[in-house]
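A.B. asks: Just to be clear, the model below is a prediction. Sequence and coordinates:
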Amino acid sequence: MPPRTHRAPGVTIGDVAAAAQVSRSTVSRAFTRPQLLSPETVDHVRAVAARLGYVGNQAARALSTGRFGNIAVVVPDIANPFFPPLVRSLQLAAETADLAVFLGDSDESAEREAKLIARLAPQVEGFVLASPRLSEELIRELAASRPVVLVNRDLEGIPRVLIDSSGGMTEAVMLLKKLGHQRLAYLAGPRDSWSDQQRRDVLTSAASGLSVEVIEVGRPSYAAGRDSVSAIVRSGATAAIAFDDVVSQGVLAGLELRGISVPSDFSLVGCDDTLAALTTPALTSVSAGAATAGAAAAKLLIQLLEVPDPGAECVTIATHLVIRATTATVTAAVTAAVTAAVTAKGTATGTTAVTR
C-alpha cells in the first residue's frame, strides 16, 4: 500500500521556518504567493516542508484571508481542439502562483455560461472567460464584482487577450487570389463569436475583386463542415475558408464523398491550426496561438489579483498563414465547370452571396 500523504501531526509553519532557516512569512509565501520569492527559495522551503510532512492548509488559509486560491476558466466548447491548449497553458501559469483552476464548459450557450459563473463565483477569486457568449452587460456586471480577464472578446475597460486573426486571414485571401481563385466561400462560425466577426470583417476588406459567399454553418463541428459541402458546390466557389480546422475536417470528408479532389479540384483553408497537420491532405490554416493566449490570460488575472486596479491591459497575439497541401492553382477545367454551374444554379438556401 502506498504511503498516505497528509500533514504530520504537530508540524507547524514555525517548524518549517526553523528547519529551512527562513521567516514564517517566507514559508507562507512559498505556498500562497511563490511569485514573490526566488524559485530557489520556493524549492528549498517546499522541500523542507515535504521532508517534515507539512503541507499548506488551504481551507484554514481561506477562512483567515478570504482567499481560496482558485480561479475559473469558462470556455464555449471544451471538445473544440482550440481550447485544451489554452486551458493547459493557463493552468501551468496559474500553478506558479499556487492557484487551482476550475473549468466550465458553457456548451455554446449564454444562459448556461451565466449559470456556471453564478455557481463558480462563491468558490473562486477571478475568472478567465474564453470566447464568452454572454452579453456585454452581463460581462461588465461580473467584472465590477470580481477580477475578470477575457480571451477573444474585445470590451474596452476589461483586461483581455485577443488573437488577431486579421493578419493570417488577409494572407489566406491573398494566397487564394494569387492562385487564381475568383469565387470563395466562407464557412462562418457562431454570430456571437468575436473571432467570427473579425474574420467576416477581414473578408469585407481583403477580398476586393472577388466573389465571396458566406455560408452559415452554425455551431462549428465536423458534421457542420461535412453538411456544408452541398452549399459550397451550389455557390460555385473554387476555394473556401472555414471558421476553424474542425469545420475544415468535415469539409474535406464531404468533398471526398462527392469525388471532389483537394487541392486539384478545390482549395481549402482552415483557421486556428489545431488539426491542420493531422488531416489528409495536410490543411493550410491560419495559426492560432491558443497556448500563448492561455498563458497571457493567466498572467493578466494574477496581476489583477495582486493589484485590484492595474489598468485594462489588452494583449494582442498576431497570426500568420501556414501553407500546407490543401491549396493550389485553380485550373482552366475547374473554372469552366464552375462557370457552367453558376450559370445554371438558383439561389442557394441558407447562404448569402456578397460580391466584393
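C.D. replies: Everything's here; your move.
A.B. asks: So which residues of the stretch 101-250 of the chain form helices?
C.D. replies: 110-120, 136-143, 166-178, 194-206, 222-227, 229-235, 245-257 (DSSP state H, counting those that start in this stretch).
A.B. asks: With respect to burial, which of these scores highest?
C.D. replies: Of all the helices of the stretch 101-250 of the chain, helix 245-257 has the most neighbours on average by mean count of other C-beta atoms under 10 Å, namely a mean of 23. Yep, even glycine has a C-beta here, placed from its N, CA and C like the rest.
A.B. asks: shaky segments in the chain?
C.D. replies: Residue ranges of the chain with pLDDT under 70: 1-10, 55-67, 310, 333, 335-356.
A.B. asks: Output the longest helix belonging to it.
C.D. replies: For the chain, the helix that runs over the most residues, judged by DSSP state H, is helix 290-306.
A.B. asks: and the angle for that helix with helix 136-143?
C.D. replies: Put simply, helix 290-306 runs at 50 degrees to helix 136-143, going by axes from the mean of the first three to the mean of the last three C-alpha atoms, to 10 degrees.
A.B. asks: quick one, the helix or strand that comes right after helix 290-306 and helix 166-178 angle?
C.D. replies: Next helix or strand after helix 290-306 toward the C-terminus (DSSP states H and E): strand 314-318. Between the axes of strand 314-318 and helix 166-178, defined by the same axes, to 10 degrees, the angle is 30 degrees.
A.B. asks: next one: strand 314-318 to chain centre, how far?
C.D. replies: Relative to its parent chain, strand 314-318 has a centroid offset of 13 Å by C-alpha atoms, centre = their mean, to the nearest Å.
A.B. asks: Please apply the same query to stretch 182-195.
C.D. replies: Distance, stretch centre to chain centre, for stretch 182-195: 17 Å (C-alpha atoms, centre = their mean).
A.B. asks: and what of stretch 220-228?
C.D. replies: Here stretch 220-228 is found 19 Å from its chain centre; the criterion is C-alpha atoms, centre = their mean.
A.B. asks: And the longest helix of the chain, what's buried?
C.D. replies: For helix 290-306, a neighbour-count test (16 or more other C-beta atoms under 10 Å) marks 290-305 as buried.
A.B. asks: now stretch 17-26
C.D. replies: For stretch 17-26, burial by neighbour count (16+ other C-beta under 10 Å) applies to Ala17, Ala19, Ala20, Val22, Thr26.
A.B. asks: Quick check: strands, which of those are part of them?
C.D. replies: Here DSSP state E is the test, and the buried residues of stretch 17-26 give no hits in strands at all.
A.B. asks: Sort out which of the residues you listed are in helices and list them.
C.D. replies: Residues of those located in helices (DSSP H): Ala17, Ala19, Ala20, Thr26.
A.B. asks: Redo these as TSV? Include distance to Arg33.
C.D. replies: Listed next are those as TSV, based on distance: C-beta to C-beta, whole Å:
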residue	distance to Arg33
Ala17	16
Ala19	21
Ala20	17
Thr26	11
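A.B. asks: Which pair in these has the greatest spatial separation?
C.D. replies: Spatially, the most separated pair among these is Ala19 and Thr26, at 12.3 Å (C-beta to C-beta).
A.B. asks: can you pull the contacts of the residue lying closest to Leu321 once chain neighbours are set aside?
C.D. replies: Leaving aside its chain neighbours, Leu321 sits nearest to Glu171 (3.8 Å; criterion: C-beta to C-beta, 6 or more residues apart in numbering). The contact partners of Glu171, taken as C-beta atoms under 8 Å, 6 or more residues apart in numbering, are Val286, His320, Leu321.
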